[in-house]
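>>> Sequence first, then the predicted structure:
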Amino acid sequence: MNSSHYPFDKGRLRAEAAGIGFAAIGVADATEVDPDAHSLYMSWIARGCHGTMDYLDRYHDVRRDPRFLLDGARSVVCCAIPYTPPQRQPAGSPRIASYALGQDYHEVVRDMLRRLAAHIDSSCGSQSRVCVDTAPLRERYWAVRSGLGFTGINGQLIVPGIGSQVFLGEIVTTAYIQPDAPATGHCRKCMACVKACPGGAIGADGSFDARRCLSYLTIEYRGQLPDGIDPGDRLYGCDTCQDVCPHNRDAAPTAIEAFWPSPQLLSATAGTIAALTPDTYRSLFRHSAVRRAKLPMLLRNLQWIQRHRQ
């Protein structure tokens, strides 16, 4: 079947996605990003709110139009996979963000997306490219455009009935798939995330300054950590704005075993982290997203925690 027509009905697409393990999907036409949305992003960059994440200030052609990512692209398929863990670390442990307690989501979600993309391409002779937050694609923008969910005050995508503890993945494809209506839901604006953010990174107007975000500081930032922000027990990342969000109150634990917490990470203590060597670090985090922070950074983060406990 020619990819200029609908490759198959939406029911078949959703059924295939559900069989692979996706909890929700949506489809948007691959077109240029809304000018106002692009302007807001560029203003955020101009104010330096992205901190030292220079990669966010590159490939603006792709960020503005997904067709630069794949020639002839006509559709963006957005997928969500819950990662809420069935278990949490014991109180007082050096805390690791929930998304990183299991297997590296890049590996798992990319494999799932490739399976769905192969199904699309084999059905209509299209070409597709999968993205798991490593390509310069405005994934939350496209998730809203595809009807997958809406954006909260904290900037997180909220999928109705599921919450915001989800991994996002996209398939940019030359197949013409009937688009869904953009999401019309909205945040309850309870301001719980604004009040609870440890670094005051979230503004009541929905603005966000990464330079005050504990996820940024403990994962991306390579410099000396500030004394003016108390990290609590947070070693890698921060779940606070999601933990207090009412949309996550009834979130069910993920059914995908690859995202279940590693027993080794659940039992890790400050002593475990302090005693890490390059070899034990590689062994402990071999298939973990925590590899984003190298061993010297984890030790730096641990010292930051201990400094504030004194």
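Arrived safely, thanks for sending. Numbering: from 1, shown residues only.

>>> For Ala100, which non-adjacent residue is closest in space?
The spatial neighbour of Ala100 that comes closest, neighbours along the chain excluded (CB to CB, 6 or more residues apart in numbering), is Ala289 at 4.3 Å. Just so you know, the C-beta spots here come from the backbone N, C-alpha and C atoms, and that holds for glycine as well.

>>> wait, doesn't that neighbour sit right on Tyr105?
Yes - with contacts counted by CB atoms under 8 Å, Ala289 reaches Tyr105, the gap being 6.2 Å.

>>> Find residues that contact each of those two.
Tyr99 (CB atoms under 8 Å, 6 or more residues apart in numbering).

>>> any idea where the strands of this structure begin and end?
Counting by DSSP state E, residue ranges of the strands within the chain are 24-29, 75-82, 95-96, 128-131, 150-151, 157-158, 166-173, 234-236.

>>> low-scoring pLDDT stretches of this structure, where are they?
Low-confidence segments of the chain, defined by pLDDT under 70, are located at 1-8.

>>> again, 50 this time
Under the criterion of pLDDT under 50, the regions of the chain flagged as low confidence span 1-4.

>>> Let me see the contact set for Asp34.
The contact partners of Asp34, taken as CB under 8 Å, 6+ apart, are Tyr141.

>>> Quick check: phi and psi on it?
With angles defined as degrees, to the nearest 10, Asp34 sits at phi -50, psi 130.

>>> Return the distance of it relative to Arg145.
8 Å (CB to CB, to the nearest Å).

>>> Might one say that Gly102 is in contact with Ala258?
Yes - under the contact definition of CB under 8 Å, Gly102 touches Ala258, with a separation of 5.9 Å.

>>> more crowded one of the two?
For the pair Gly102 and Ala258, the greater number of neighbours falls to Gly102 (22 against 18), based on other CB atoms under 10 Å.

>>> Now the more buried one: closest residue in space that isn't a chain neighbour?
For Gly102, the nearest residue in space outside its immediate sequence neighbours is Phe259; the separation is 3.9 Å by CB to CB, 6+ apart.

>>> can you count the residues close to the one you found?
For Phe259, the tally of surrounding residues (other CB under 10 Å) stands at 26.

>>> please renumber so the chain begins at 40
Noted, 40 is the first residue going forward, which turns the last one into Phe298.

>>> wait, isn't it in contact with Glu146?
No - between Phe298 and Glu146 there is no contact, the gap being 11.1 Å when judged by CB under 8 Å.

>>> list the contacts for the closest residue to Leu140 other than its chain neighbours?
In this structure, Leu140 finds its nearest non-sequential neighbour in Pro300, 3.8 Å apart by CB to CB, 6+ apart. When contacts are counted by CB under 8 Å, 6+ apart, Pro300 is found next to 124-128, 140-141.
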